[in-house]
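Visitor: Here is my input; please provide its structure:
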Amino acid sequence: MKNLKKLVDKFRINGEVREIKPIDGGLINHTYKVTTDGDAPDYILQSKNSSIFLNVPAMMDNIVKVTEHIRKKVEKEGGDPDREVMQIVLTDDGKPYVQDENGEYWTMAVFIPDTVSYEVATTPELARKGGEGIGKFQRYLEDLTEPLYPTIEGFHDLAYRFGQWDDTLKNAIPERKEEAKKEIEWVEARRKKMEDFWKLVEEGKLPKRVTHNDTKLSNILFDKDGNVLCVIDLDTVMSNTPLADFGDAIRSFANTGAEDDQNLDNVDLDVAKYEAYRDGYLSQTADMLNETEKDYLSFAPQYITYEQVMRFLMDYLQGDTYYKTLYPKHNLVRTRAQMKLMESMEEKI
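Guide: You can find the predicted model right below:
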């Protein structure tokens, strides 16, 4: 931990460091809790995966812009900015990151104590709270006009995905392409519907706003009374249609099965959780969204789930080069589970 202590010392923190301990759960970044003595705050130290985030300084610039903007909004509304927004810690030379001797980037934020997080929306009420949290995040950032760096190219961009899709079909492993013939036909059968939707984004009828782009429930912190405090894990914050955030949340919140469920009978859309999340989301965003956005809100879960079908299926056709797999047909199983979920959305929503 000596090297970690040297990194911590480069940030403007209060108090003396007593302990640095790893926090489990991150799939992309390595995260540590930095505990200090006395009444000084504790901190979160995190490495940033530069093989996924190709421009960490620009990404951190996004996060600083977003958190400072939210902080001002919270203060204006009489809230507690120390608990209702992430606080990025700067280095002695004013940067939001440190680069170690191996070229790896490290960042630090103030730890928010006495919080609760959840992995799964076990009840409609919890789904509603999740909708409130993401809706409030978008509402606070409605008037942020400074441009944001596109952290991951083509993220939730269907035009970009269709370009990848066409290239994948040309270069797919022949045996896998034959095995996935029905799945490929399924994607193509819905292609025009998706292209028509994306034209509305390209034409500005569905405007791009500041979006989180990773709206799983565990990225929302609650207080011990169950009230939403703030949204965390802002690495993917950039500009997109807010429908991407809504759709991605429904894909994870309201699926009765697992993302890679081998038993498709388990996979269905939980309508109660869908409606609860929608109502919570609109309680914060109804005055922000235009009529076209409201009209297409119910389509958003299909858009995101369709994109995920494409991503899993492309990886399978290419030989499993992106997603970690536990067995030979794992990506094909994931594809079929997401197809079943989207079919349920088409039927129920």
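Visitor: Only C-alpha atoms from now on, for both contacts and neighbour counts.
Guide: OK.
Visitor: surely Asp260 meets Arg334?
Guide: Yes: look at Asp260 against Arg334 with Cα atoms under 8 Å: they come within range, at 4.3 Å.
Visitor: Pick out whichever of these two has more residues nearby.
Guide: Using other Cα atoms under 10 Å, the more surrounded residue of Asp260 and Arg334 is Arg334, with 22 against 17.
Visitor: Doesn't that one lie inside a strand?
Guide: No: under DSSP: H, G, I helix; E, B strand; the rest coil, Arg334 falls outside any strand and is assigned helix.
Visitor: Quick check: it vs Arg71, distance?
Guide: Going from Arg334 to Arg71 by Cα to Cα, to the nearest Å gives 39 Å.
Visitor: quick one, strands of this structure?
Guide: 17-23, 31-36, 43-48, 98-99, 105-110, 209-211, 220-222, 228-231, 238-240 (DSSP state E).
Visitor: For Glu185, which of these is the nearest?
Guide: Distance to Glu185, taken as Cα to Cα, is lowest for strand 238-240 among the strands of the chain, at 28.1 Å.
Visitor: And for the closest one, what's in contact with it?
Guide: Residues from elsewhere that reach strand 238-240, judged by Cα atoms under 8 Å, 6 or more residues apart in numbering: 62, 148-151, 156, 207-213.
Visitor: buried subset of these?
Guide: Among those, those scoring as buried are Asn62, Leu148, Tyr149, Pro150, Thr151, His156, Pro207, Arg209, Val210, Thr211, His212, Asn213 (criterion: 16 or more other Cα atoms under 10 Å).
Visitor: ok, of these, which one's closest to Lys340?
Guide: Comparing these against Lys340 with Cα to Cα places His156 closest, at 20.0 Å.
Visitor: Contacts for stretch 272-284, please.
Guide: Here stretch 272-284 makes contact (Cα under 8 Å, 6+ apart) with 123-125, 127-136, 139, 250, 253-254.
Visitor: Revised request: answer the last question for stretch 191-210.
Guide: 138, 141-142, 144, 158-159, 237-242, 292-293, 303.
Visitor: Would you show me how to pick out the buried ones of these in PyMOL?
Guide: To isolate the buried members of the contacts of stretch 191-210 in PyMOL, using 16+ other Cα under 10 Å:
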select buried, resi 138+141+158+237+238+239+240+241+242+293+303
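Visitor: returning to that earlier point: would you format the strands of the chain as CSV with mean pLDDT and distance to Met310 included?
Guide: Formatted as CSV, those follow (pLDDT from 0 to 100; distance: least, Cα to Cα, whole Å):
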stretch, mean pLDDT, distance to Met310
strand 17-23, 92, 32
strand 31-36, 94, 31
strand 43-48, 94, 27
strand 98-99, 94, 36
strand 105-110, 96, 31
strand 209-211, 96, 22
strand 220-222, 96, 27
strand 228-231, 96, 28
strand 238-240, 95, 19
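Visitor: So for Asp287, which of those strands sits nearest?
Guide: Taking the strands of the chain one by one with Cα to Cα, strand 209-211 is closest: 14.2 Å.
Visitor: Quick one: mean pLDDT over the lengthiest helix in the chain.
Guide: In the chain, assigned by DSSP state H, the helix with the most residues is helix 56-76. Helix 56-76 shows a mean pLDDT of 97.
Visitor: How far off centre is it?
Guide: 17 Å (Cα atoms, centre = their mean, to the nearest Å).
Visitor: buried sites along that helix?
Guide: Neighbour counts over helix 56-76 (16+ other Cα under 10 Å) mark 56-57, 59-60, 62-64, 66-71, 73-74 as buried.
Visitor: Which residue is most remote from the mean position of the protein?
Guide: Gly38 (34.7 Å; Cα atoms, centre = their mean).
Visitor: Need the residue closest to the centroid of this protein.
Guide: Nearest to the mean C-alpha position of the chain, by Cα atoms, centre = their mean, lies Asp214 at 0.5 Å.
Visitor: contacting residues for it?
Guide: Residues counted as contacts of Asp214 (Cα under 8 Å, 6+ apart) are Thr236, Asp245, Asp248.
Visitor: In helices, which of those fall?
Guide: Asp245, Asp248.
Visitor: Need the contacts of Asp214 in JSON lines (columns: pLDDT).
Guide: Listed next are these as JSON lines, based on pLDDT from 0 to 100:
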{"residue": "Thr236", "pLDDT": "94"}
{"residue": "Asp245", "pLDDT": "97"}
{"residue": "Asp248", "pLDDT": "96"}
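Visitor: which of the contacts of Asp214 tops the neighbour count?
Guide: Asp245 (25 neighbours).
Visitor: Against Asp270, how distant is that residue?
Guide: Distance from Asp245 to Asp270, counting by Cα to Cα: 18 Å.
Visitor: cool, and Met108?
Guide: In this view, Met108 and Asp270 are 38 Å apart by Cα to Cα.
Visitor: Also Lys329?
Guide: Relative to Asp270, Lys329 is positioned 27 Å away (Cα to Cα).
Visitor: hmm, back to that, between the contacts of stretch 191-210, which sits nearest Met345?
Guide: Tyr303 (10.4 Å).
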